[in-house]
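Asks: here is a sequence together with a model predicted from it:
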Amino acid sequence: MGAVLFVVYVGKDGRVKDVRILESPNQYLSEDVIKAFMQWEFTPLAGDGEPKEFNFKLRIPFHLRRVA
C-alpha cells in the first residue's frame, strides 16, 4: 500500500504541459503516472473571458498485490 503525490500543470489549451512527482515509493510507478497524465485533456480554465494556465495537486493511493 502506498500513494503517489504529484502536481499537474495544464496549459491554456487544456493540455497537460508537465507533471512533477512530489512523493512516490517507486520510480517505475512514477513514470507510469506521468505517461498516463500526459494523455489527459482538460477544459481550459477561464478568467476574464481568457483561457488561463492552472495546476493542481493530486494524491493517488494504490495497493500492489501478487498475482499467482
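Replies: Ah, there it is.
Asks: contacting residues around the residue most central in space within the chain?
Replies: In the chain, the residue lying closest to the centroid (Cα atoms, centre = their mean) is residue 8, at 4.3 Å. Each residue near residue 8 by Cβ atoms under 8 Å, 6 or more residues apart in numbering is listed here: 16, 18-19, 37, 40, 55-56, 58. (C-beta placed from N, C-alpha, C; glycine too.)
Asks: 7 Å instead, please
Replies: Residues in contact with residue 8 (Cβ atoms under 7 Å, 6 or more residues apart in numbering) are 16, 19, 37, 55-56, 58.
Asks: burial of residue 48, as a residue count?
Replies: Burial measure for residue 48: 5 neighbouring residues, criterion other Cβ atoms under 10 Å.
Asks: I'd guess residue 55 is in a strand, am I close?
Replies: Yes. According to DSSP: H, G, I helix; E, B strand; the rest coil, residue 55 belongs to a strand.
Asks: thank you kindly, that will do.
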